[in-house]
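>>> build me a structure from this.
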Amino acid sequence: MEKQTNFFQSNTAKIIMVGLLTFILLIPLQFVKNLITERADRQKEVVAETSEKWGEQIYFYGPMLKIPYKTHVETKLYDPKTKEHVNSVTTELHTAYFFPEELKNTTKVTMVKPLQRSLYKSNVFKAEMAFTGNYITPNFKINNIPNEDILWNEATVIIRTTNLKSIKSQVNLKLGDSMYRFEPTQHIQNDTMSTLETGLVDLRSLQQEATMDFKFSINYNGSKLIRLAPIGKTTTAHMTSNWHSPSFMGNFLPNDKHKKISTAGFEADWEVLHLNRPFAQQSFDVLPNVKDYAFGVDFITTVDEYQQNERASKYGFLVIGLTFLIFFLIQSISKISIHIFQYSMIGLALLMFYTLLISITEHSSFTLAYIIAGLSVIVLISVYSLSILKDRKFPVFIGVSLSGLYAFIFVIIQMEDYALLVGSVGLFLILAAVMYFSRKIDWGKE
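Numbering: from 1, shown residues only. Here you go, the predicted structure:
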């Protein structure tokens, strides 16, 4: 009986019980992580709903010349009365699409005041997009189509785009010396995009002229991203915005020499040649799917509050383990007995940090919430340890250690490129400190 009592009073037994308690506390810590995930998912649902009503993602594909033409199919039919074969010619109507020789785009994106519903905010913007360029005489000879079968006077100009409901201006095209208005229309391709098309355009004059210039503008309410299809033989784009953290996406990146990013916004330029993408300047019957070759900008939030809370909760095991280790080392050095129940109270106080953090963050900034939650837990544990350890120097040491630990984790959360490096160095220094302070403890002594 005495051996059992001695064993349970030994350092080995105590460290086993503290270790088991640490692993048990991982269960409520997982519940806290699930709560953060649930709140983050709820935010995504609300943001998606509010963004849909304001304006969704923008993908722009156009403008293209749409020219109908005729083909003649000759077939032989057997006439049972004359018992002879008769030639029959059937005329079919087809459509050819021709891309601009030159396409220039200038886009100004203005992030407006975030839409707010309850606790959640959606980042939305207004986009002013202006297009200029020109067409050359369409080349039907590539498909051996004679000029008399081309319906030049029944041509139209089309653009394909998403987010049709959030266009905030009439879209008028100046083609040559004439003005045309785009109207929504059905398109044979069954996809998520919508089509705008002009009335009939007489292109017979284009046969005599070398080029025909066009010009139009379109204004959107949008969210998340903007993408453009590089359908010009030479496509250039210039985009400016007051958004400070753009993510350049798509098959083509902007020119590094002209790209500027600052806290006030960004400015970027693209230039894409027809040699850079694997589709021709004309298409017959069906438009090619060029989404994979589009370029643009994703207006991302680098790290939102829920991501920061999630990253903070991932260090929960480290905080609980190191805090228990500090108390255990003090207990071993000072010979002060700390009951497992008191360890449990300290562990629950450490878990309260994460519930305080997520709840306060939803009503303020992450930094302010982190400071309030951290100070609350540090003061609570320091005052509680004063009643346990009976000596002011130990609670002060615990308070300073917890402050340093929370500050260290906050720095890691804020970093992106150097988070792993700083975290590894910090953990190495913590391990060195633990080895230093525990070097004189006789672990075999009961």
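>>> what residue in this protein is the furthest from its centre?
Of all residues in the chain, residue 82 has its C-alpha farthest from the mean position, at 72.1 Å, by C-alpha atoms, centre = their mean.
>>> wait, is that one part of a strand?
No. Using DSSP: H, G, I helix; E, B strand; the rest coil, the assignment for residue 82 is coil, not a strand.
>>> now the strands for the stretch 101-250 of the chain?
Secondary structure of the stretch 101-250 of the chain (DSSP state E, counting those that start in this stretch): strands at 102-111, 115-117, 120-122, 124-136, 156-161, 172-175, 178-181, 183-185, 194-197, 211-223, 225-228, 234-241, 246-250.
>>> okay, those strands in JSON lines with mean neighbour count next?
For the C-beta atoms, the positions are set from N, CA and C on the backbone; glycine is no exception. Shown next, in JSON lines, are the strands of the stretch 101-250 of the chain (neighbours: other C-beta atoms under 10 Å):
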{"stretch": "strand 102-111", "mean neighbour count": "18"}
{"stretch": "strand 115-117", "mean neighbour count": "13"}
{"stretch": "strand 120-122", "mean neighbour count": "19"}
{"stretch": "strand 124-136", "mean neighbour count": "20"}
{"stretch": "strand 156-161", "mean neighbour count": "20"}
{"stretch": "strand 172-175", "mean neighbour count": "17"}
{"stretch": "strand 178-181", "mean neighbour count": "14"}
{"stretch": "strand 183-185", "mean neighbour count": "12"}
{"stretch": "strand 194-197", "mean neighbour count": "20"}
{"stretch": "strand 211-223", "mean neighbour count": "20"}
{"stretch": "strand 225-228", "mean neighbour count": "23"}
{"stretch": "strand 234-241", "mean neighbour count": "20"}
{"stretch": "strand 246-250", "mean neighbour count": "17"}
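>>> TSV for these, including mean pLDDT?
As requested, these are arranged in TSV below (pLDDT from 0 to 100):
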stretch	mean pLDDT
strand 102-111	94
strand 115-117	69
strand 120-122	71
strand 124-136	93
strand 156-161	93
strand 172-175	93
strand 178-181	92
strand 183-185	90
strand 194-197	91
strand 211-223	91
strand 225-228	93
strand 234-241	95
strand 246-250	88
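>>> what's the closest of the ones you listed to residue 407?
Ranking the strands of the stretch 101-250 of the chain by proximity to residue 407 (C-beta to C-beta) places strand 120-122 first, at 27.9 Å.
>>> picking up where we left off before, out of the strands of the stretch 101-250 of the chain, nearest to residue 53?
strand 115-117 (8.3 Å).
>>> report the buried residues of stretch 349-360.
Under the neighbour-count criterion of 16 or more other C-beta atoms under 10 Å, stretch 349-360 has 349-351, 353-354, 356-358, 360 buried.
>>> an error on my part: the question was meant for stretch 283-302.
Those would be 283-284, 287-288, 290, 293-297, 299, for stretch 283-302 by 16+ other C-beta under 10 Å.
>>> biggest separation within those, which pair?
Farthest pair in those (C-beta to C-beta) is 284 and 299. Separation: 36.9 Å.
>>> ok, longest strand in this structure?
If you go by DSSP state E, the chain has its longest strand at strand 58-79.
>>> picking that back up, figure out which of the strands of the stretch 101-250 of the chain is closest to residue 66.
Checking these against residue 66 by C-beta to C-beta gives strand 156-161 as the closest, at 4.8 Å.
>>> so which elements touch that closest one?
Strand 156-161 is packed against strand 58-79, strand 194-197, with contacts defined by 3 or more C-beta pairs under 8 Å, 6 or more residues apart in numbering; DSSP states H and E.
>>> how much space between residue 274 and residue 232?
The gap separating residue 274 from residue 232 is 8 Å, by C-beta to C-beta, to the nearest Å.
>>> give me the mean pLDDT for the helix or strand hosting residue 422.
For residue 422, the enclosing helix or strand under DSSP states H and E is helix 419-437. Helix 419-437 comes out with an average pLDDT of 79.
>>> which residues does it contact?
Residues outside helix 419-437 that contact it (C-beta atoms under 8 Å, 6 or more residues apart in numbering): 318, 322, 325, 329, 333, 408, 411-413, 415.
>>> got phi/psi on residue 56?
Dihedral angles of residue 56 (phi, psi; degrees, to the nearest 10) stand at phi -100, psi -160.
>>> how about the contacts made by it?
Contact analysis of residue 56 by C-beta under 8 Å, 6+ apart lists 162-163, 166, 222-224.
>>> in those residues, find the pair that's most separated.
Across those, the longest distance by C-beta to C-beta is 12.3 Å; it joins 166 and 224.
>>> any idea what residue 283 is bridged to?
Bridge pairing for residue 283 (DSSP bridges) gives the partners residue 97.
>>> isn't it up against residue 97?
Yes. The pair residue 283 / residue 97 is scored as a contact, 4.6 Å apart, by C-beta atoms under 8 Å.
>>> any stretches of the chain with poor pLDDT?
1-12, 77-79, 83, 85-86, 116-120, 187-191, 206-207, 301-303, 416-417, 440-446 (pLDDT under 70).
>>> excluding its backbone neighbours, what's nearest the residue nearest to the spatial centre of it?
Taking C-alpha atoms, centre = their mean, the centroid of the chain lies closest to residue 300, which sits 4.9 Å from it. With C-beta to C-beta, 6 or more residues apart in numbering as the criterion, residue 300 has its nearest non-adjacent residue at 4.8 Å, and that residue is residue 247.
>>> quick one: the one you found from residue 48, how far?
Residue 247 is 19 Å from residue 48, by C-beta to C-beta.
>>> what does residue 381 give?
Plainly put, residue 381 is 40 Å away from residue 48 if you go by C-beta to C-beta.
>>> which one's more surrounded, those two?
The residue with more neighbours, out of residue 381 and residue 48, is residue 381; 21 against 13, by other C-beta atoms under 10 Å.
>>> all helices for the stretch 251-400 of the chain, in order.
305-313, 316-334, 340-361, 366-389, 393-414 (DSSP state H, counting those that start in this stretch).
>>> output the contacting helices and strands for the third one.
Read that as helix 340-361. Judged by 3+ C-beta pairs under 8 Å, 6+ apart, helix 340-361 is in contact with helix 11-24, helix 26-54, helix 305-313, helix 316-334, helix 366-389.
>>> most tightly packed of the ones you listed?
Burial of the helices and strands packed on helix 340-361 is given as mean neighbour count (mean count of other C-beta atoms under 10 Å); helix 305-313 ranks first at a mean of 21.
>>> what does it contact?
Contacts with helix 305-313, where a contact means C-beta under 8 Å, 6+ apart, come from 29, 32-33, 36-37, 39-40, 43, 303, 354, 357-358, 361-362, 365-366, 370, 409, 412-413.
>>> so residue 89 touches residue 72, yeah?
Yes. At 5.4 Å, residue 89 counts as touching residue 72 under the criterion of C-beta under 8 Å.
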